[in-house]
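Visitor: Here you go, sequence then predicted model.
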Amino acid sequence: MADSVSASRLAFPNAKINLGLHVIQRRPDGYHEIDSLFIPVPWCDTLEVTTPAPSGSNVKLHLHGHQVAGNTRDNLVCRAHALLQKERNLPPVDFHLIKAIPTGAGLGGGSADGSFALNLLNAHFELGLSVVELEGLAAQLGSDCPFFIRNVPARVTGRGEHISPIDLDLQGWHIAMIHPGIHVPTAQAFQWVTPQSNRPGLNEWSGSSPLDWTGQLKNDFSDPVKSNHPEIQNALDHLHAAGAVYSEMSGSGSAVYGFFREEVKPDLFLGCPSHWHTWSGPAVI
């Protein structure tokens, strides 16, 4: 580790979406086995680490933007620092996190923040941790976290710790996303889903594009969550009416997305309720 670091370092943790999400079975440890394709999308938070810490404490997290529930010490950014602190004698740091990705939306925003914090600290203090080591640490933070270490399209299995990068044909595609202001507790969503183990895995989608996905890549959470929260279907209908080639809900909800051939114009979101959060941009980071 560098003996003297007196600077700040910046990162932009991004969201992810799920292409297909199969709940396979419940594990003895209480987690669920899943099979899904994850895609990183450039709807980003902003994360800065500063040393030496102006606050004088071991780790301090300053939150800005969207409100984040809970004690800051329990935030995955602080927990990432604590994990590394067990192995390396890190100096005090201050974090500033600007939340733009909606929380509790199925977009992995909190998981991205934690994993990007690991990468940020690894680079900032020249710890020399490998990708495999970082993924192992990220798995201790949460099920979605290991994906964000490499942050490339991947097939994700197990409880989220098995990452197999996959090439998808996304060049030239654009994406629009809507979070309809609904919080869907993950534990509740799992209660609405019946695991199914006797179906093909998502291992043959290399080279595919949004043109190939409609009717093929399905999210097990989508139907039951929409049934309990009809406004999510309204958001999907809005994207479909605007010409989305493929649209679906991400994770356990409630954010939805649609892929478009052409650049998404701002007027796509005209008429959306004021409490909906929206974003659009290229489909490739």
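Guide: Thanks, I have it.
Visitor: quick one: the helices in the chain?
Guide: Along the chain, the segments classed as helices by DSSP state H run 76-87, 109-124, 131-141, 147-150, 186-191, 222-228, 230-241.
Visitor: Of all those, which one comes closest to K265?
Guide: Of all those, helix 230-241 sits nearest to K265, with 13.2 Å by Cβ to Cβ. To be clear about C-beta, it is placed using only N, CA and C from the backbone, and glycine gets the same treatment.
Visitor: Kindly export the closest one (C-alpha atoms) in PDB.
Guide: Provided in PDB are the C-alpha atoms of helix 230-241 (Å, rounded to 0.1, in the frame of the first residue of the first chain):
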ATOM      1  CA  PRO A 230     -50.500  -2.400 -11.600                       C
ATOM      2  CA  GLU A 231     -48.600   0.900 -12.100                       C
ATOM      3  CA  ILE A 232     -45.600  -1.200 -13.100                       C
ATOM      4  CA  GLN A 233     -47.600  -2.500 -16.100                       C
ATOM      5  CA  ASN A 234     -48.600   1.100 -16.900                       C
ATOM      6  CA  ALA A 235     -44.900   2.000 -17.100                       C
ATOM      7  CA  LEU A 236     -44.200  -1.000 -19.400                       C
ATOM      8  CA  ASP A 237     -47.200  -0.100 -21.600                       C
ATOM      9  CA  HIS A 238     -45.700   3.500 -21.900                       C
ATOM     10  CA  LEU A 239     -42.500   2.100 -23.200                       C
ATOM     11  CA  HIS A 240     -44.200  -0.400 -25.600                       C
ATOM     12  CA  ALA A 241     -46.400   2.400 -27.000                       C
END
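Visitor: ok, the most centrally placed residue in the chain to R159 distance?
Guide: The chain has G108 as the residue nearest its centroid, 2.3 Å off, counting by Cα atoms, centre = their mean. Using Cβ to Cβ, to the nearest Å, G108 is found at 14 Å from R159.
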